[in-house]
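Visitor: Quick one, structure for this:
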Amino acid sequence: MHHLAIYNFNNFRVASSEPVNQGFHDRNDLNFRAAEVSEGFVARSGYDGEEGPASWGPQVFPRYYIENGDGWAPSSLSLWRDLPSLFAFSYSGIHIEAMQNARRWFDHHTWPPYVLWWVAVGHFPLWQEGVERLEHLHDHGPTSIAFHFKTPFDPHGRPTSINRAVVEQRRAKNAAAQASLVS
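Guide: Below is the predicted model:
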């Protein structure tokens, strides 16, 4: 009945085309492929003018966006079946390696780098919705409207926890599915 939406946003420290960001660019498509083969992945928005899935509306950025001369910043918008699936993908496998290098590429910031919220099955959130949820999380803290992994809510707006046993099961399945991507 519900899917978990996630919107991520960061600013590069310098323009996207600078050599220090090459590691991010080298991993970007691999991370998308890893998500797509991971347990619980539902769908992701593409980007206007690029190959891949259709964009879920015009891509916009939150008020924290800093123009570095190239007109964009790294962001993504996707849907997942549940909290354990997204947590397992985010904090293991191919994606965790990219997260471990994030300080080299992205500005240090005081706003949240991602936001989670529940949507009805069949609803594909627009980029603008992700921006609004991220700003809401920053301005009001975690609520059922906008939250993070440290303070999660269930689809009915109740505080919940992430089932670690299910996370471990999903990590194992993801490792097997992602193995062919790195070989």
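Visitor: and the residue lying closest to residue 109 once chain neighbours are set aside, how many neighbours?
Guide: Nearest non-adjacent residue to residue 109, counting by C-beta to C-beta, 6 or more residues apart in numbering: residue 64, 6.5 Å away. In short, each C-beta sits where N, CA and C put it, glycine included. Residues near residue 64, counting by other C-beta atoms under 10 Å, number 19.
Visitor: just residue 44 next, same as before
Guide: The burial count for residue 44: 18, using other C-beta under 10 Å.
Visitor: in the sheet, who's paired with it?
Guide: Under DSSP bridges, the beta-bridge partners of residue 44 are residue 78.
Visitor: Is it in contact with residue 79, as I believe?
Guide: Yes. With contact defined as C-beta atoms under 8 Å, residue 44 reaches residue 79; the gap is 7.3 Å.
Visitor: contacting residues for the nearest residue to residue 141 once chain neighbours are set aside?
Guide: Excluding the flanking residues, the one nearest residue 141 by C-beta to C-beta, 6+ apart is residue 151, at 7.9 Å. The contact partners of residue 151, by C-beta atoms under 8 Å, 6 or more residues apart in numbering, come to 141, 142, 159.
Visitor: low-confidence ranges in this protein?
Guide: Under the criterion pLDDT under 70, the flagged ranges of the chain are 183.
Visitor: ranges for the strands of it?
Guide: For the chain, the strands defined by DSSP state E cover 2-9, 41-44, 75-80, 114-120.
Visitor: list the helices and strands the second one packs on?
Guide: Counting contacts by 3 or more C-beta pairs under 8 Å, 6 or more residues apart in numbering; DSSP states H and E, strand 41-44 is packed against helix 22-36, strand 75-80.
Visitor: and stretch 148-166, which residues are buried?
Guide: For stretch 148-166, burial by neighbour count (16 or more other C-beta atoms under 10 Å) applies to 152, 153, 155, 166.
Visitor: Against residue 178, how distant is the nearest residue to residue 170 once chain neighbours are set aside?
Guide: Distances taken as C-beta to C-beta, 6+ apart place residue 88 nearest to residue 170, at 3.6 Å, with adjacent residues excluded. Per C-beta to C-beta, to the nearest Å, residue 88 is found 11 Å from residue 178.
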